[in-house]
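[1] Starting from these lines, generate the structure:
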Amino acid sequence: MLVRYLVFVTGNAMKLKEVKAFLGEEPNPRFTLVNQSLDLPEVQGTTQEVAIEKCKRAAQLVNGPVLVEDTALCFDAMNGLPGPYIKWFLKELGPEGLHTMLNGFSNKGAVALCTFAYSPGPPKDDPTKDPEVLLFEGRTQGTVVPPRGPPVFGWNPIFEVNGEGKTYAEMSTEEKNKISHRSRALASLRTYLDSLPSSS
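    Purely as a prediction, here's the structure:
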């Protein structure tokens with residue numbers, strides 16, 4: 001059976017653009033990458049646990065291959081917080097507020113973590129079973145700095161990549177795609193997709 005669509009679950013146009021720039025419109029002869037915004041339950045847990053649960057639910061809703069992304073920004077001084085809850089911290093505090101969270105801490109180190117969860121969909125022999133989920137992760141080490149660069153994409157203005165001297169927001173798409181946590185996770189995902197047969 002030929003798989004026609006790989007559904008990337010997002011309503012975020014910037015995320016979709018980055019993923020398509022890296023994977024292409026057709027990341028594998030089996031797949032055409034499309035996006036769909038789904039109302040998935042917000043679960044608590046590690047980045048990996050959140051990604052797995054969201055992917056299972058999305059695969060059941062779509063009834064086919066899906067791709068779900070979860071991103072975390074982990075402050076060293078706060079034992080990994082905000083972590084997978086960065087979206088809510090960002091919504092309440094903004095980039096400047098995230099930076100000021102580390103006032104009083106000498107350690108401004110942080111890790112940007114991206115987890116892509118892929119599922120081929122519910123098992124054909126028993127659709128009531130949980131879909132299989134595979135994880136692909138990427139990490140980038142950096143430092144939390146006062147906001148620099150266009151405030152277009154989340155917390156990018158406060159995350160300066162170690163050894164680069166620039167925040168994500170100050171980088172061109174080409175520069176960012178070489179070293180970002182998302183691009184590293186996508187590289188692993190692309191390797192996996194390339195290994196799949198063109199038909200089954």
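[2] where exactly do the strands run in this protein?
    Using DSSP state E, the strands found in the chain span residues 5-9, 32-36, 66-75, 82-83, 109-119, 134-144, 159-161.
[3] M101 contacts E92, correct?
    No - using C-beta atoms under 8 Å, M101 is not in contact with E92, being 10.9 Å away. All C-beta atoms are positioned from the backbone trio N, CA, C, and that covers glycine.
[4] And these two? Which one has more around it.
    M101 (17 against 9; other C-beta atoms under 10 Å).
[5] What's opposite the nearest residue to L81 once chain neighbours are set aside in the beta bridge?
    With C-beta to C-beta, 6 or more residues apart in numbering as the criterion, L81 has its nearest non-adjacent residue at 6.0 Å, and that residue is F75. Legend: beta-bridge partners of F75 under DSSP bridges are A110.
[6] Pull the number of nearby residues for F75.
    F75 sits with 21 neighbouring residues when counted by other C-beta under 10 Å.
[7] how about it, what does it touch?
    For F75, the contact set (C-beta atoms under 8 Å, 6 or more residues apart in numbering) comprises 81-82, 101-102, 109-110, 144.
[8] Could you measure from it over to M101?
    Counting by C-beta to C-beta, to the nearest Å, the gap from F75 to M101 is 7 Å.
[9] how much space between the residue sitting furthest away from the middle of the chain and V133?
    Within the chain, D125 marks the point farthest from the mean C-alpha position, 30.3 Å out by C-alpha atoms, centre = their mean. Using C-beta to C-beta, one obtains 17 Å as the distance from D125 to V133.
[10] go on, T191?
    17 Å.
[11] and if you look at S119?
    With C-beta to C-beta as the criterion, S119 and V133 are 5 Å apart.
[12] which of those two has more neighbours?
    Counted by other C-beta under 10 Å, S119 and V133 do not tie: S119 has more neighbours, with 23 against 20.
[13] ok, that one - contacts?
    Contacts of S119 (C-beta under 8 Å, 6+ apart): 55-56, 58-59, 65-66, 131-134.
[14] Repeat the analysis, applying 7 Å as the threshold.
    Counting by C-beta atoms under 7 Å, 6 or more residues apart in numbering, S119 makes contact with 55-56, 59, 65-66, 131-133.
[15] Tell me the gap between stretch 143-163 and the middle of its chain.
    A distance of 17 Å separates the centroid of the chain from that of stretch 143-163, by C-alpha atoms, centre = their mean, to the nearest Å.
[16] CA atoms of it as PDB?
    C-alpha atoms of stretch 143-163 as PDB (Å, rounded to 0.1, in the frame of the first residue of the first chain):
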ATOM      1  CA  THR A 143      23.600  30.800  26.700                       C
ATOM      2  CA  VAL A 144      20.600  32.900  27.700                       C
ATOM      3  CA  VAL A 145      21.300  36.600  26.800                       C
ATOM      4  CA  PRO A 146      19.200  39.800  26.700                       C
ATOM      5  CA  PRO A 147      17.100  39.700  23.600                       C
ATOM      6  CA  ARG A 148      18.900  40.400  20.300                       C
ATOM      7  CA  GLY A 149      17.500  40.100  16.800                       C
ATOM      8  CA  PRO A 150      14.000  40.200  15.400                       C
ATOM      9  CA  PRO A 151      11.300  39.000  17.900                       C
ATOM     10  CA  VAL A 152       9.600  36.900  15.200                       C
ATOM     11  CA  PHE A 153      10.000  33.300  16.400                       C
ATOM     12  CA  GLY A 154       9.500  32.500  20.100                       C
ATOM     13  CA  TRP A 155      12.500  32.600  22.400                       C
ATOM     14  CA  ASN A 156      15.100  32.800  19.500                       C
ATOM     15  CA  PRO A 157      16.200  36.300  20.500                       C
ATOM     16  CA  ILE A 158      17.500  35.200  23.900                       C
ATOM     17  CA  PHE A 159      19.300  32.000  22.900                       C
ATOM     18  CA  GLU A 160      22.900  32.500  21.900                       C
ATOM     19  CA  VAL A 161      24.500  29.400  20.500                       C
ATOM     20  CA  ASN A 162      27.800  28.500  22.100                       C
ATOM     21  CA  GLY A 163      30.800  29.400  19.900                       C
END
